[in-house]
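Enquirer: Sequence first, then the predicted structure:
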Amino acid sequence: MKEIGIDISGHRSKHMDEFLGKSVETVITVCGNADQACPMFPGQVNRHHWGFDDPAHATGSDEEVLAVFRRVRDEIFKVFEAYAAGRREG
């Protein structure tokens, strides 16, 4: 897999309430019950739920936990890269 050079150090988790008053075309949820808990947004065109393991629940040695985080990161990258490629082609 190619190396990704995106600085996310300034990013943070956001509550979905921050987006309720905004125009939203696509909602993608990736964990747990987010698919059921996420509200419908007015005018929303696309809604997807791609469930991934939550690496925060990983157990084992530091190396084993890190391996789970990396695996989930790579899975998320592959799915979102394919989705973005489809959006560009469509």
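Expert: Nice, thanks for sending it over.

Enquirer: Could you use CA atoms for every contact and neighbour count after this?
Expert: Noted.

Enquirer: so Glu81 is in which element?
Expert: helix 62-89 (DSSP states H and E).

Enquirer: where in the chain is pLDDT low?
Expert: Along the chain, segments meeting pLDDT under 70 span 1-5, 33-35, 37-44, 90.

Enquirer: who's in contact with the residue located most distally from the centre of it?
Expert: What lies farthest from the middle of the chain is Ser61; by Cα atoms, centre = their mean that is 25.3 Å. Ser61 makes no contacts at all, as judged by Cα atoms under 8 Å, 6 or more residues apart in numbering.

Enquirer: most centrally placed residue in the protein?
Expert: Geometric middle of the chain (Cα atoms, centre = their mean) lands on Val30, at 4.7 Å.

Enquirer: That one and Asp53: what is the separation?
Expert: 9 Å (Cα to Cα, to the nearest Å).

Enquirer: how's this protein carved up into domains?
Expert: 22-51, 54-90 (automatic domain parsing).

Enquirer: how far does stretch 59-70 sit from the chain's center?
Expert: 19 Å (Cα atoms, centre = their mean, to the nearest Å).

Enquirer: Please write out the alpha-carbon positions of that stretch in CSV.
Expert: Extracted as CSV, the C-alpha positions of stretch 59-70 are listed here (Å, rounded to 0.1, in the frame of the first residue of the first chain):
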residue,chain,number,x,y,z
THR,A,59,-6.2,-6.5,23.4
GLY,A,60,-2.8,-8.1,23.7
SER,A,61,0.7,-6.7,23.7
ASP,A,62,1.5,-3.2,22.4
GLU,A,63,2.6,-4.7,19.1
GLU,A,64,-0.7,-6.7,18.8
VAL,A,65,-2.8,-3.7,19.5
LEU,A,66,-0.8,-1.6,17.1
ALA,A,67,-1.3,-4.3,14.4
VAL,A,68,-5.1,-4.1,14.9
PHE,A,69,-5.0,-0.3,14.5
ARG,A,70,-2.9,-0.5,11.4
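
Enquirer: Which positions within that stretch qualify as buried?
Expert: By neighbour count on 16 or more other Cα atoms under 10 Å, the buried set for stretch 59-70 is Val65, Val68, Phe69.
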